[in-house]
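Colleague: turn this into a structure:
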Amino acid sequence: MTEDARFEDGAEQPLRLRAESGEDLEVISALLQDAVGISRDVAWMPKRRRLALLINRFRWEDAPQAARQGRPVERVRAMLVIDGALRVRASGVDPQDRELVLSLLAMGFEPGEDGAGTLLLTLAGEGEIAIEVEALDVGLKDVTRPYAAASGRQPSHPEE
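Modeller: Numbers count the residues shown, from 1 in each chain. Below you'll find the model as predicted:
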């Protein structure tokens with residue numbers, strides 16, 4: 001009898017994921033919760049129909065093992081690439097502030113007609129980036145080795 005893969009099985013390998021459905025996007029959204037980046041590391045390439053973000057993502061998939069081993073939790077630099085992007089709008093974000101820290105809370109998709117729709121990046125502080133897309137085509141790829149999180153702890157969201 002074979003055993004299904006577990007979330008922790010990917011803890012030692014760089015992530016390389018693609019989302020082409022709402023279910024796929026939920027996985028990437030969970031892995032990107034609490035990712036942070038700087039606005040200067042966001043590239044909108046309208047001729048290529050691509051939006052790319054270089055982010056520092058918390059390694060949620062490794063956190064349980066780090067706790068068991070008593071070692072620091074980790075982050076890793078990753079590229080989030082949205083292909084088929086037709087239009088990008090931001091609210092609660094100053095596009096002129098190239099040093100603005102962006103903290104990603106979640107990603108969602110509002111489907112439209114024929115596979116098109118709007119990809120929503122919800123940011124801390126009431127910010128949101130809305131990307132109109134031809135179809136859902138999101139890639140996530142770790143691009144550096146993991147490093148100890150500067151805070152030394154797992155992000156938390158206490159209820160108010």
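Colleague: residue closest to the middle of this protein?
Modeller: For the chain, the residue sitting closest to the mean C-alpha position, by C-alpha atoms, centre = their mean, is residue 32 at 3.5 Å.
Colleague: surely that residue touches residue 57?
Modeller: Yes. The criterion here is C-beta atoms under 8 Å, and residue 32 meets it with residue 57 at 5.8 Å. C-beta coordinates here come from the backbone N, C-alpha and C atoms, glycine included.
Colleague: need the contact list for the closest residue to residue 57 other than its chain neighbours.
Modeller: Among residues not flanking residue 57 along the chain, residue 35 sits closest, at 4.1 Å (C-beta to C-beta, 6 or more residues apart in numbering). Contact analysis of residue 35 by C-beta atoms under 8 Å, 6 or more residues apart in numbering lists 55, 56, 57, 58, 78, 80, 103, 104.
Colleague: how about the contacts made by the fourth one?
Modeller: Contact criterion C-beta under 8 Å, 6+ apart gives 33, 34, 35, 73, 74, 75, 149, 154, 155 as the residues in contact with residue 58.
Colleague: select the longest helix from this protein.
Modeller: In the chain, assigned by DSSP state H, the helix with the most residues is helix 22-32.
Colleague: what about residue 42, neighbour count?
Modeller: 21 (other C-beta atoms under 10 Å).
Colleague: how much space separates it from residue 22?
Modeller: Distance, residue 42 to residue 22, using C-beta to C-beta, to the nearest Å: 24 Å.
Colleague: buried among the contacts of residue 58? Make that a ChimeraX selection.
Modeller: Here is the ChimeraX command that picks out the buried ones among the contacts of residue 58, judged by 16 or more other C-beta atoms under 10 Å:
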select :33,34,35,73,74,75,149,155
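Colleague: now the two most distant members of the contacts of residue 58.
Modeller: 33 and 74 (14.9 Å; C-beta to C-beta).
Colleague: now the helices: where do they sit in the protein?
Modeller: 22-32, 63-69.
Colleague: noted, bye for now.
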